[in-house]
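Student: 3D model of this:
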Amino acid sequence: MATANFVQFAPFSSSADTTFWHALTQRKLNEYQLDDAAQPILGFFNTEERKEMPARLCVSADAFEKTPKPAAANTFLAHGTLHNTNTLDAFKAIDVNVLAEQAAEQVWRDMTSGAALTTPSLLARFVLLTFADLKKYHYYYWFAFPVIRTVEDAVLLAAPAPLASVMAPEEAATLYQAFVTLRSQQPGQNVCLYSRSAGGVVPLSSLAQLPPEEELTVVAADPSGRTDSPGWPLRNLLCLIAGHAPARETCNLICYRERGSDLSPSSVLRVKLPKLQPLEEGSKVAHFKGWEKNARGKLAPRMCDLSASMDPQRLAETSVDLNLKLMRWRLLPELDLPRIAATRCLLIGSGTLGCNVARALMGWGVRQVTFVDNSTVSFSNPVRQTLFQFEDCLDGGSPKAETAARRLAQIFPGMRTRGHTMSIPMPGHPVARDTEDACRQSVQMLEQLIEEHDAVMLLTDTRESRWLPSLICAAADKLCLTAAMGFDTFVCMRHGVRGEGGKRNVGCYFCNDVVAPTDSTKDRTLDQQCTVSRPGVSMLASAAVAELLVSTLLHPLGAGAPASTSADDPQLHASPSPLGLVPHQIRGVLRSFSNMLVSGQTFDRCTACSPAVTEAYQKMGFEFCLRAFNEPSYLADVTGLSRMCEEVDAIADLDMDWSDAEDSDDQ
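Tutor: Okay, the predicted model is just below:
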């Protein structure tokens, strides 16, 4: 008795494009997070494989598209299920037999329901088990291509024949055009029937309508380049036909392969259809698991290492935000990272505070930072100012602002950063007539920089250097924050903005003062001129002001947020800001390792934000600033501080007079 010549099907070999792993990384970080539920994905195979090449099923970045894109030339759709685990241990522990069984049962349901007749690409189903190690950029994966197990396998009745032996050239051209149309209109169509009685190509769903006396000819896109071994999806196809056309015993199977418009690689197989259990909905089905062997020929997963091949800058961009995106997985799902990243920050002062604040902002995902400073790096700076190195001190010292900007970009090339070396004009520091033009340019430059940025941070050494930017921000209602240090104390605060009725929600840095700013460095010794502080104070102050900025940005009212004054504040538990409280001031004392939350009201005679000052500045412009720089009493006169002080002195004199009179009476 002759041995049956069973049809041998060429198994799939997987091919995961680099773009697929990039896309999976983004999905894992931004969408899936801790969700390890199965996800539908798409793959594709093509029909122009060479004989010496295995049949390949490919996945790319398009695998995650919800709607299949029109298929490119020579490519056909496959449907997959992604199981992405959260840990490597979970990847190793998962029951792969269950995953393959679930996929095979889905193929069986598509067969029994008739869905595969309408969408034949459902027969080319695969499973992809993955674990993405996003710290090392190692991707562990395992593909499976489950197929239905038959009672009797398909038998090859004759040697494979070329397409030209059964189809005339014009018929082949018609077949080619039909497949082109199918792919463009319905990406899931990779099988059709060829019936001369029906006029040529008809859809697979017409199987039951074909005349029983007509020989059945099935045309199927074949990923295999071997004429004697059809590709793996055709195994399920023959089962589908056998189940829905039980009266038929044989068919002509055209293994459709195209290279351009050339169909000569196609072959024709005369086969005896397999026998399988009845197609009954809800019935269980036997199947081959179809797990792929690795490169060493073992049934085991593979690993793709992209750490060396990824573009360094793109790798950095993905990695630096990893901590932030992980926050959204479990701790802060509502964290608005795009809002933070889009904030343009202007740092006035590039010293101890400026360097540390810049690094904290970079850690929060801020991507645009501009530095302003007028000094150079000295030998005492690098140990405290974290963006500078010893070489920056040589040859007289590099400009601090430009150097800080350059160093920030070296840490992360994705930063958009620049530095401006300029002096900020200050009250109490008179401007000589021959330098008025330079002073005017400095004021205009500062105004322009503040206008171009979303948040301004005042990180300078002296009180009076904060006055002009405070004034400009107050006039423009720009978000402004200040950080200042003492020996073992610090203060971080946000300046108020106008709300309904024009009233500011909180005071500015100068609202607590009853004297106008003046030259604070005059007649001071070296230890009084320098910011002498415990080394940790700058780190604490920088962290606090950076966190205050981000908390303010994420509050629905932004800079207009009300001030929180206590950790017991009900806002801590029901805050509209995802980060909790948004205080006005944070005052830290390192001696007692304590922080206080303070709220200060606006002062109607404030020299920086009162209506009298902002209106005079908006009306007079540079002339107002120039008088404030040159005339010691000008700001006090404009705001009414001078008159208030006179009234206070008069009351004090009156009290003294009453006291003298009482003393006389006693005598």
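Student: Quickly note the distance from the residue nearest to Ala405 when sequence neighbours are not counted to Ala358.
Tutor: Spatially, and ignoring its direct neighbours in sequence, Ala405 is nearest to Gly419 (3.8 Å; C-beta to C-beta, 6 or more residues apart in numbering). Backbone N, C-alpha and C define where each C-beta goes, glycine included. Distance, Gly419 to Ala358, by C-beta to C-beta, to the nearest Å: 11 Å.
Student: which residues touch Ile148?
Tutor: 104, 107-108, 111, 235-236, 239, 276, 285-288 (C-beta atoms under 8 Å, 6 or more residues apart in numbering).
Student: thought Gln189 was touching Val202?
Tutor: No - in this structure Gln189 lies outside contact range of Val202 using C-beta atoms under 8 Å: 11.8 Å.
Student: Between these two, which is the more surrounded one?
Tutor: Gln189 (23 against 17; other C-beta atoms under 10 Å).
Student: Give the helix, strand or coil label for that one.
Tutor: coil (DSSP: H, G, I helix; E, B strand; the rest coil).
Student: Next up, phi/psi of it, please.
Tutor: phi -90, psi 110 (degrees, to the nearest 10).
Student: mind listing what it touches?
Tutor: Gln189 touches 119-121, 182-183, 203, counting by C-beta under 8 Å, 6+ apart.
Student: Tell me the confidence at it?
Tutor: Note for Gln189: predicted pLDDT of 82.
Student: measure it to Ser610 for me?
Tutor: 74 Å.
Student: Just the buried residues of the contacts of Ile148.
Tutor: Among the contacts of Ile148, those buried by neighbour count (16 or more other C-beta atoms under 10 Å) are 104, 107-108, 111, 235-236, 239, 276, 285, 287-288.
Student: Let's see which of these end up in strands.
Tutor: Among these, the members found in strands (DSSP state E) are 287-288.
Student: so which of the buried ones among the contacts of Ile148 comes closest to Leu263?
Tutor: When those are compared for distance to Leu263 (C-beta to C-beta), Arg235 wins out at 22.3 Å.
Student: was I right about that closest one contacting Val147?
Tutor: Yes - counting by C-beta under 8 Å, Arg235 touches Val147, with 4.8 Å between them.
Student: What about the buried ones among the contacts of Ile148, which are in helices?
Tutor: 104, 107-108, 111, 235-236, 239 (DSSP state H).
Student: farthest pair in the residues you listed?
Tutor: Using C-beta to C-beta, these reach their maximum pairwise distance at Trp108 and Arg235, which is 13.4 Å.
Student: Give me the contacts around the helix or strand hosting Cys255.
Tutor: Assessed by DSSP states H and E, Cys255 sits inside strand 250-256. By C-beta under 8 Å, 6+ apart, the residues outside strand 250-256 that reach it are 47, 157, 163, 166-167, 175, 179, 194, 215-222, 224, 227, 230-231, 234, 238, 241, 263, 266-273.
Student: repeat for stretch 284-294
Tutor: 11-14, 96-97, 100-101, 104-105, 107-108, 142-149, 232, 277, 299-302.
Student: ok, now which ones touch Val532?
Tutor: Counting by C-beta under 8 Å, 6+ apart, Val532 has contacts Phe487.
Student: and it, that one's in a helix?
Tutor: No - Val532 is assigned coil when assessed by three-state DSSP, not a helix.
Student: Roughly how far does it sit from Phe487?
Tutor: For Val532, the distance to Phe487 - C-beta to C-beta - is 6 Å.
Student: Can you classify Ala484 by secondary structure?
Tutor: Under three-state DSSP, Ala484 comes out as strand.
Student: just checking, it touches Thr462?
Tutor: No - using C-beta under 8 Å, Ala484 makes no contact with Thr462, being 9.4 Å away.
Student: thinking again about what came up before, sort out for me which of the contacts of strand 250-256 are in strands.
Tutor: 194, 217-221, 267-272.
Student: returning to that earlier point: dump the ones in helices among the buried ones among the contacts of Ile148 into JSON lines; add pLDDT as well.
Tutor: Shown next, in JSON lines, are those (pLDDT from 0 to 100):
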{"residue": "Ala104", "pLDDT": "90"}
{"residue": "Val107", "pLDDT": "91"}
{"residue": "Trp108", "pLDDT": "90"}
{"residue": "Met111", "pLDDT": "91"}
{"residue": "Arg235", "pLDDT": "91"}
{"residue": "Asn236", "pLDDT": "92"}
{"residue": "Cys239", "pLDDT": "91"}
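Student: Looking at those residues, spot the one nearest Tyr634.
Tutor: For these, the nearest to Tyr634 is Val107 (85.5 Å; C-beta to C-beta).
Student: List the residues that contact the nearest residue to the closest one once chain neighbours are set aside.
Tutor: Once flanking residues are discounted, Val107 sits nearest to Arg125: 5.3 Å by C-beta to C-beta, 6+ apart. Residues counted as contacts of Arg125 (C-beta under 8 Å, 6+ apart) are 78-81, 103, 106-107, 145-146, 236.
Student: tell me the two of those residues that are most distant?
Tutor: Thr81 and Asn236 (15.6 Å).
Student: In which helix or strand does Thr370 reside?
Tutor: Secondary structure (DSSP H and E) places Thr370 in strand 368-373.
Student: List the neighbouring strands of that strand plus their orientation.
Tutor: strand 344-348 (parallel), strand 416-421 (parallel) (DSSP bridges).
Student: all strands of the stretch 451-600 of the chain, in order?
Tutor: Counting by DSSP state E, counting those that start in this stretch, the stretch 451-600 of the chain has strands at residues 455-458, 479-485, 489-494, 585-589, 594-598.
Student: how about those strands in TSV, adding mean neighbour count and distance to Ser633?
Tutor: Shown next, in TSV, are the strands of the stretch 451-600 of the chain (neighbours: other C-beta atoms under 10 Å; distance: least, C-beta to C-beta, whole Å):
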stretch	mean neighbour count	distance to Ser633
strand 455-458	26	24
strand 479-485	25	25
strand 489-494	24	27
strand 585-589	19	29
strand 594-598	14	30
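Student: got any ranges where the stretch 1-150 of the chain has weak pLDDT?
Tutor: 1-3, 49-52, 70-73 (pLDDT under 70).
Student: Show me where it has its strands.
Tutor: 12-16, 39-46, 55-59, 75-85, 125-133, 138-144, 147-148.
Student: before we move on, back to that, the strands of the stretch 451-600 of the chain into a markdown table, with extra columns for mean pLDDT?
Tutor: Compiled in a markdown table, the strands of the stretch 451-600 of the chain are given as follows (pLDDT from 0 to 100):
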| stretch | mean pLDDT |
| --- | --- |
| strand 455-458 | 98 |
| strand 479-485 | 96 |
| strand 489-494 | 95 |
| strand 585-589 | 95 |
| strand 594-598 | 92 |
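Student: Which of those strands sits closest to Phe379?
Tutor: Taking the strands of the stretch 451-600 of the chain one by one with C-beta to C-beta, strand 479-485 is closest: 20.8 Å.
Student: Can you tell me which helices and strands the closest one packs against?
Tutor: helix 352-363, strand 455-458, helix 467-476, strand 489-494, helix 535-554 (3 or more C-beta pairs under 8 Å, 6 or more residues apart in numbering; DSSP states H and E).
Student: repeat that with 7 Å
Tutor: Applying 3 or more C-beta pairs under 7 Å, 6 or more residues apart in numbering; DSSP states H and E, we find strand 479-485 packed against strand 455-458, strand 489-494, helix 535-554.
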